[in-house]
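A structural model of the following input is requested.
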Amino acid sequence: MRRLKVLTWHTHGSYLYYLSQAPHEFFVLSKPGRPAGYGGRCGSYPWGDNVHDLTVEAARLGQFDCILFQDRQHWEDDQFAFLTAAQRALPRIYLEHAPPQAHPTDTPHPVNDPNLLLVHVTPFNELMWDNRRTPTRVIEHGVFIPDTVRYLGALERGLVIGNDVSWRGRRMGLDLFLQARAQLPLDLVGRAAEELKGIGEVQHAQLPALAARYRFVFSPTRHASLGLGVIEAMMVGIPVVALATAEMATVIDDGANGYIDTRLERLFDCMRELLRSPSLARDLGQAARRRAQERFSIERFSADWDAALRHVTGHQA
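Here you go, the predicted model:
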């Protein structure tokens, strides 16, 4: 099968890393200084040989099979600034990472094109966006964790995983995290976590081993896509306590592989119980790992992306 040449952007590093496990060549746009969204092949990820750095100036000279947009700016500005008319006429996919934020049900998606494939990362996101004329497909996340990393849970603390929580505010559950931390031993890890007296950013490859030491992971997110950090924690075997909102409500079975509720005080009680009972935490974590293996395997994820790319380009397997 011919490997396809896909032009894209470095929007979310961990997602791009998992996407690059698909059997294709990915050309990632970069700018001098590698500002956000234009990092190219950068960061601490162990990129494979199929991930290629491509400057925005050189993009016009490239020959590709598909353009994979990942942000509104790419769609509205970048394709006209950096691509030729012939490149803009290539098969196209728009990867939407988030649920609508302006209005939960009545927000029209910025793309309204029957000749493009709109890929959502969760069924919830596809349901909530007004996708208008654009055909859609859901490709749920896929992750993999090194075989050497497994749940330990010896640290009698909970861990919250999130980037820029301080300024993303209520949507990411900033207020709920602060309430929980006032009553429970919780640490925050992620970009700019220091602003909230957290641990700070940890390299992607090191995060699973760090999280494995904690008794549980707490997700206070109100309205966002299912976080890769939560899925990776489940794959390690860490029990997750979360709000019963968005796609999370379909991932956690309350009392079976974690705890989920919209009542904050009950979630606090569940976290206290996990701190008291390491055996309960381990049992729930094992069930969480089974769920993650069934639903979020990297093999299924890569196969789904391979099928989507071959579908839009007409290069069927």
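
All the strands of the stretch 1-150 of the chain, residue numbers only.
All strands of the stretch 1-150 of the chain, identified by DSSP state E, counting those that start in this stretch, fall at 5-8, 25-30, 51-55, 66-69, 92-96, 117-120, 136-138.

tell me the domain boundaries of this structure?
What automatic domain parsing lists as the domains of the chain is 5-142+298-313, 155-295.

To residue 148, which of those domains lies closest?
Smallest distance to residue 148 across those (CB to CB): 8.2 Å, for domain 155-295. The C-beta positions use only the backbone N, C-alpha and C, and glycine is treated the same way.

residue ranges with poor pLDDT in the stretch 201-317 of the chain?
317 (pLDDT under 70).

distance of the residue nearest to the spatial centre of the chain from residue 97?
Centroid-nearest residue in the chain: residue 228, 4.1 Å away (criterion: CA atoms, centre = their mean). With distances taken as CB to CB, to the nearest Å, residue 228 is found 10 Å from residue 97.

Pull up the overlap in contacts between these two.
Common neighbours of residue 228 and residue 97, counting by CB atoms under 8 Å, 6 or more residues apart in numbering, are residue 15.

hmm, back to that, can I get the domains of the chain in TSV including distance to residue 149?
Compiled in TSV, those are given as follows (distance: least, CB to CB, whole Å):
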stretch	distance to residue 149
domain 5-142+298-313	15
domain 155-295	5
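
ranking the ones you listed by burial, who's on top?
Comparing the domains of the chain by mean neighbour count (mean count of other CB atoms under 10 Å), domain 155-295 ranks first with a mean of 19.

now the end-to-end length of that one.
28 Å (CA to CA, to the nearest Å).

Please apply the same query to stretch 6-21.
Using CA to CA, the two ends of stretch 6-21 sit 13 Å apart.

if we can go back for a sec, could you double-check that the residue nearest to the centre of the chain sits in contact with residue 140?
No: Residue 228 sits out of contact with residue 140 when judged by CB atoms under 8 Å, with a separation of 11.2 Å.

Show the subsequent helix or strand relative to the helix or strand in which residue 272 is found.
For residue 272, the element it lies in under DSSP states H and E is helix 264-276. Following helix 264-276 in sequence order, the next helix or strand is helix 278-295 (DSSP H and E).

Counting by contacts, list what that following helix packs against.
If you count contacts as 3 or more CB pairs under 8 Å, 6 or more residues apart in numbering; DSSP states H and E, helix 278-295 packs onto strand 214-219, helix 228-236, strand 258-261, helix 264-276.

Among the ones you listed, which comes closest to residue 170?
Short answer: helix 264-276, nearest of the helices and strands packed on helix 278-295 by CB to CB, at 13.1 Å.

what's that closest one packed up against?
Against helix 264-276 (3+ CB pairs under 8 Å, 6+ apart) you get strand 155-161, helix 174-183, strand 214-219, strand 240-243, strand 258-261, helix 278-295.

who touches the fifth one?
By CB under 8 Å, 6+ apart, the residues outside strand 258-261 that reach it are 234, 239-244, 248-249, 252-254, 266-267, 270-271, 284, 287-288.

Can you show me the CA trace of it as PDB?
Extracted in PDB, the C-alpha atoms of strand 258-261 (Å, rounded to 0.1, in the frame of the first residue of the first chain):
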ATOM      1  CA  GLY A 258     -13.700   4.800  38.600                       C
ATOM      2  CA  TYR A 259     -16.200   7.300  40.000                       C
ATOM      3  CA  ILE A 260     -18.300   9.800  38.100                       C
ATOM      4  CA  ASP A 261     -20.900  12.200  39.200                       C
END
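
Make 14 the starting number, not 1.
Sure thing, new numbering starts at 14, so read that last one as strand 271-274.

how far does it sit from the chain's center?
20 Å (CA atoms, centre = their mean, to the nearest Å).

Residue 214 versus residue 201, what's the distance?
11 Å.

Need the pLDDT of the closest residue to residue 310 other than its chain neighbours.
Among residues not flanking residue 310 along the chain, residue 155 sits closest, at 5.9 Å (CB to CB, 6 or more residues apart in numbering). For residue 155, the pLDDT comes out at 98.

Was I right to think residue 155 contacts residue 306?
No: with contact defined as CB under 8 Å, residue 155 does not reach residue 306; the gap is 10.7 Å.

Enumerate every residue touching residue 174.
Residue 174 neighbours (CB under 8 Å, 6+ apart): 202, 203, 220, 224, 230, 232, 240, 242, 243, 246.

which residues does the nearest residue to it once chain neighbours are set aside contact?
Nearest-residue entry for residue 174: residue 242, 3.5 Å, with adjacent residues in sequence omitted and distances by CB to CB, 6+ apart. Going by CB under 8 Å, 6+ apart, residue 242 touches 174, 175, 203, 220, 224, 230.

Having no further points to raise, I will conclude here.
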